[in-house]
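Engineer: Test case, fold it:
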Amino acid sequence: MKRLQRIRNSQIMRDMLAENGFSRAQLIQPLFAVEGIKDKEEVPSLKENYRHTSESVLKQIEDDLESGVRSFLLFVVPSAKSESHFDLTFHTNTISNIKKRFGAEINLWIDTCLCSFTASGHCCIFHQTGQADLESTLGELGALALSSAQAGADGISPSDMTDGRTGHLRAVLDKSGYGTVPIMSYSTKFASSFYGPFRVAADCAPQFGDRKQYQIDPRNRSDALASSVRCAEEGADLLMVKPGITSIDLIRPIHELTMRPVGAYQVSGEYGSLCTMAEKGLMNFDAALVETWHVFRRAGAAYIITYGARSAKRLGF
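Structural biologist: Below you'll find the predicted structure:
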């Protein structure tokens, strides 16, 4: 049964997915909370974005609320790495502390992936043969999603691209009494060259090989569409393309195939390139950032994940 009411549960969500108009309500701000660091650390090339301590992330959200941001995508980065049986203490404590502090003032999505937890830096667990261990990966993802919901997350956002992960997470949440928690799936995610600054921020660069075994080849349109259709069929409430600019030809077709809201993730390499060119005097940063947002909306994006969401109010949104 389709649960369309999951995306109607809060005013923040309803404003984010409003089909008419364009305002800062449709922008989602990424956040990084990192275990074991003493002070916040600026992310290279990502203007006004930081790797936060469990305390400084609260101050950042407080400041962002004053800037009109209501929706956040949280990446929790533990200090200990392993290949299974991950310690979720920092993960759950961070989510719980944020929601206890801000409650319904914010909508908190939790990136649900293993790449910041694994010693390999990959989004999955591997067999000794080098192939992805689907069963073990889904089991760990389910535990991560459930712990997020139990800690108070408003939504789950699986980003690993493992086969069947959306359906598995939906089943885990429903079975455990969290049927109203929506899933915002990274449904069309390419094996892209534009993720560099993020991998520094999330401490998740692959220690061997690459992610082409499970992320989509940028040359393949059919696979990109099929991946989002699959996520919709498995119960995703919101879909997403990533990277945003290199996927704008897919946003409207995915929506037409699935009738789900489809967002665009303006990834770290895209946002960082604007910052770098502006620093070198080659462009006006504010004008370029606003231009990219309008392009995403023109292409049909229902919402935009951008490292510049906290600038939207200043830019007149």
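Engineer: how near is I98 to L108?
Structural biologist: As for I98, its distance to L108 is 6 Å (criterion: Cβ to Cβ, to the nearest Å). Bear in mind the C-beta positions are built from the backbone N, C-alpha and C, glycine included.
Engineer: If you could redo that for R219, that was the one I meant.
Structural biologist: Counting by Cβ to Cβ, the gap from R219 to L108 is 35 Å.
Engineer: Same drill for those two, tell me which one is more crowded.
Structural biologist: The neighbour count for R219 versus L108, taken as other Cβ atoms under 10 Å, is higher for L108 (22 against 8).
Engineer: Show me what the more buried one is bridged to.
Structural biologist: Counting by DSSP bridges, L108 is bridged to F72.
Engineer: so who does it touch?
Structural biologist: Residues near L108 by Cβ atoms under 8 Å, 6 or more residues apart in numbering: 72, 74, 95, 98-99, 102, 152-155.
Engineer: can you rerun that using 6 Å?
Structural biologist: Applying Cβ atoms under 6 Å, 6 or more residues apart in numbering, we find L108 in contact with 72, 153-154.
Engineer: likewise F194?
Structural biologist: So F194 contacts 243, 267, 269-270 (Cβ under 6 Å, 6+ apart).
Engineer: Inside helices: which ones of the residues you listed?
Structural biologist: Using DSSP state H, 269-270 are the members of the contacts of F194 that sit in helices.
Engineer: Farthest-apart pair in the contacts of F194, please.
Structural biologist: The most widely separated members of these, counting by Cβ to Cβ, are P243 and G269 (7.1 Å).
Engineer: thinking again about what came up before, select from the contacts of F194 the one having the most neighbours.
Structural biologist: V267 (26 neighbours).
Engineer: what's the spacing between the nearest residue to it once chain neighbours are set aside and I305?
Structural biologist: Closest residue in space to V267, ignoring its immediate chain neighbours: P243 at 4.4 Å, by Cβ to Cβ, 6 or more residues apart in numbering. Applying Cβ to Cβ, the value for P243 to I305 is 11 Å.
Engineer: Ok, D223 next?
Structural biologist: From D223 to I305 the distance is 22 Å (Cβ to Cβ).
Engineer: for Q60, same thing?
Structural biologist: 16 Å.
Engineer: hey, C-alpha coordinates of the helix or strand of the chain with the lowest mean pLDDT in PDB?
Structural biologist: Taking mean pLDDT, DSSP states H and E as the measure, helix 196-201 is the helix or strand of the chain with the lowest mean score, a mean of 88. This file holds the C-alpha atoms of helix 196-201, laid out as PDB (Å, rounded to 0.1, in the frame of the first residue of the first chain):
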ATOM      1  CA  GLY A 196      35.900  14.900  -3.800                       C
ATOM      2  CA  PRO A 197      35.300  17.600  -1.100                       C
ATOM      3  CA  PHE A 198      32.500  15.500   0.400                       C
ATOM      4  CA  ARG A 199      34.700  12.500   0.800                       C
ATOM      5  CA  VAL A 200      37.100  14.600   2.900                       C
ATOM      6  CA  ALA A 201      34.200  15.900   5.000                       C
END
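Engineer: Quick check: which helices or strands does that helix pack against?
Structural biologist: Judged by 3 or more Cβ pairs under 6 Å, 6 or more residues apart in numbering; DSSP states H and E, the packing partners of helix 196-201 are helix 268-279.
Engineer: quick one: average pLDDT of the helix it packs on?
Structural biologist: Averaging pLDDT along helix 268-279 yields 97.
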